[in-house]
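In: turn this into a structure:
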Amino acid sequence: MNSVYQKLSSFYNLTKPGITRMVVLTTSTGYYLAIPESSLEYFSVLSHFYRLFLAIAGSTLICAGSCVLNNYIERDIDKLMKRTMNRALPSGNISAGSGLLYGIVLSVFGAVCLFFVNYLTLLIAIATWVSYVVIYTPLKRKSVLSLFVGAIPGALPMLGGWTAYKNSIEAPAIVLFGIMFIWQLPHFLSLSWMYKKDYERGGFIMTVVVDDSGKRVSTETLIYCLLLLPVSLALWQIGVVGIVYAIGAIVLNLIFIGFALKFRLDRTHDNARATLLSSYFFLTGLIILMFLNKL
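Out: Numbering: from 1, shown residues only. All right, here's what the predicted structure looks like:
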């Protein structure tokens, strides 16, 4: 019984649950903000629940499939890094062939779900998959530009949530994409400083690997945090959310900037971790405000 549970747990962890849970949250947020009428009125129709379910399920399965395939491609590299050597594929808990098939099946099922939503959302999900699996995964070992390329698949699900309802890309959807895109930059930079040695062992060509002092990493982290302030407020300026969101967004941004500034002044592991944790607090708080103060 324990072996069955361990095997199922290994398959589950291959999907990178933290990332897939984030996709559920961001897709739901994009969809919710796109609904022009009252949520109670909209969801009083059963078919609307079905549409939302397909949008979330499809986006999540596409994301999960791409994460599994990322694990499959990097299984030999993961053996070199302490934080990844015990993952299911490098440890041998799951065979490479099983991992490959699993990733493909999840991706195909996700695409089928989104086919019944609309073609635009399906194309966005395919772009998410391609940018993560085909472009970002190999680019990490070739160029520091992988930081920006990797932020694209992380930002697209929020956009896909919007198009799942609207079937069009409008200004609010672009702002939502921008928030998610920029947020990932300081989030990952602070994370990368915490695991600098691991990324060096893995042979990745990343900012943290070529920055021994951490000055560049911490400076960029602070800059991107500063950029988040006007971008997150743009959602209020174009009339999607109200003044409560705007005030809350300013407070959340100042907290995030404060931790990033502390990391810039003192580039320790603890300050990088504090910045990383504050990034989660920022995004969670911002999304809660979106739900509470939608116009």
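
In: now stretch 11-25: buried residues?
Out: For stretch 11-25, the neighbour count (16 or more other C-beta atoms under 10 Å) marks Phe11, Asn13, Leu14, Thr15, Lys16, Ile19, Thr20, Met22, Val23, Val24, Leu25 as buried. Backbone N, C-alpha and C define where each C-beta goes, glycine included.

In: could you dump the residues you listed into TSV and include pLDDT, secondary structure and distance to Ile124?
Out: Putting those into TSV (pLDDT from 0 to 100; DSSP: H, G, I helix; E, B strand; the rest coil; distance: C-beta to C-beta, whole Å) gives the following:
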residue	pLDDT	secondary structure	distance to Ile124
Phe11	92	helix	26
Asn13	92	helix	26
Leu14	93	helix	23
Thr15	94	coil	19
Lys16	93	coil	20
Ile19	93	helix	17
Thr20	94	helix	17
Met22	94	helix	16
Val23	94	helix	12
Val24	94	helix	16
Leu25	95	helix	17
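
In: for Ile169, phi and psi?
Out: Ile169 adopts backbone torsions of phi -100, psi 120, taken as degrees, to the nearest 10.

In: for it, list the residues it contacts.
Out: For Ile169, the contact set (C-beta atoms under 8 Å, 6 or more residues apart in numbering) comprises Leu120, Leu159, Trp162, Thr163.

In: between these, which is closest to Gly248?
Out: Nearest to Gly248 among these: Trp162, at 21.0 Å, using C-beta to C-beta.

In: low pLDDT regions in this protein?
Out: 1-2, 39-40 (pLDDT under 70).

In: 80 - rerun?
Out: Low-confidence segments of the chain, defined by pLDDT under 80: 1-5, 37-47.

In: show me it divided up by domain.
Out: Using automatic domain parsing, the domain ranges for the chain come out as 1-166, 170-295.

In: just checking, Leu52 touches Tyr31?
Out: Yes: using C-beta atoms under 8 Å, Leu52 is in contact with Tyr31, at 5.8 Å.

In: which residues do those two both contact?
Out: Taking C-beta under 8 Å, 6+ apart as the contact rule, Leu52 and Tyr31 both touch Ala164.

In: of those two, which one has the most company?
Out: Tyr31 (25 against 21; other C-beta atoms under 10 Å).

In: quick check: the closest residue to Val244 other than its chain neighbours vs Ala249, distance?
Out: Here the nearest residue to Val244 in space, its sequence neighbours aside, is Asn293; by C-beta to C-beta, 6 or more residues apart in numbering that works out to 4.3 Å. Going from Asn293 to Ala249 by C-beta to C-beta, to the nearest Å gives 10 Å.

In: more neighbours: the two, which one.
Out: The residue with more neighbours, out of Asn293 and Ala249, is Ala249; 26 against 18, by other C-beta under 10 Å.

In: three-state assignment of that one?
Out: helix (DSSP: H, G, I helix; E, B strand; the rest coil).

In: many thanks, we can stop here.
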